[in-house]
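1. got a predicted structure here, sequence first:
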Amino acid sequence: TDREFISLLARWVGSSLERDLTQQQLAASERQLQTIIETEPECVKVLAPDGTLIQMNRAGLAMIEADSPEQVIGKNILNVVAPAYRDAFRNLNAQIKAGKSGSLIFEIIGLKGGHRWLETHAVPMRDNDGTISGVLGLTRDITEKRRAETELEQHRRHLEELVQQRTTALLETEARASHIIQSSADGLYGIDAEGLITFINPAACAMLGYRAEEVI
């Protein structure tokens, strides 16, 4: 009986030690993961299915101009999404809650009034039962990229306007020149390098006694 008792006790102690070791390993893994997340240069955030912010790293807090996590944890992330993009953000959350991943480019207005353009990629988080318990998002700041693209688009449009203006001016000049040539009392005509007539005005036709289509 004593041997059986000692054997059971040994198994119980061994199980406890294994469980304690597993917990220590898990705690170490969690600390390592937390360190990676906190040093990640892009925003890593966890949202509840309704959009409430559960966790956000330092990079994310800087993007939304929060001085501390307490300013935003427990609040709906929609508060910093620009009004024009809130419906799109809601649709993205609905897509994630349906078990799909998704992405979105949108504008935010930070807690201190700053405007930024962000690109986020989100996936559903599931618990042990497979139930979707939240949204994991990775977001990068694309403000400078967006600004460069906007400036490039403005430059392109400006060039198009210049080309259009010059084309219009050229057509107007050609129209005026054609009117002058056609209405001139002097006989005017042009020839190419081979001596073929390329144009002739009515005055020249009258002098020569030919129609334009007969000589061109």
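-> All right, it came through fine.
2. could you use CA atoms for every contact and neighbour count after this?
-> Fine.
3. how near is the residue nearest to the spatial centre of the chain to T198?
-> With the centre of the chain defined as its mean C-alpha position, the nearest residue by CA atoms, centre = their mean is I105, 4.2 Å away. Applying CA to CA, to the nearest Å, one obtains 58 Å for the distance of I105 from T198.
4. mind checking pLDDT for T1?
-> At T1, the pLDDT value in this model is 62.
5. A94 too?
-> Reported pLDDT for A94: 90.
6. for L136, same thing?
-> 88.
7. may I ask which helix or strand of this structure has the lowest mean pLDDT?
-> Within the chain, no helix or strand scores below helix 2-39, which has a mean of 66 by mean pLDDT, DSSP states H and E.
8. and the following helix or strand past that helix, what other elements does it pack with?
-> Using DSSP states H and E, the next helix or strand after helix 2-39 towards the C-terminus is strand 43-47. Strand 43-47 sits against strand 53-56, helix 58-63, strand 132-141, with contacts defined as 3 or more CA pairs under 8 Å, 6 or more residues apart in numbering; DSSP states H and E.
9. where does pLDDT dip in this structure?
-> 1-2, 5-6, 9-36, 39 (pLDDT under 70).
10. biggest strand in it by residues?
-> The single longest strand within the chain, with elements called by DSSP state E, is strand 115-126.
11. who does that strand pair up with?
-> Paired neighbours of strand 115-126 in the sheet (DSSP bridges): strand 102-109 (antiparallel), strand 132-141 (antiparallel).
12. would you turn the ones you listed into CSV with distance to L152?
-> Shown next, in CSV, are those (distance: least, CA to CA, whole Å):
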stretch, distance to L152
strand 102-109, 19
strand 132-141, 19
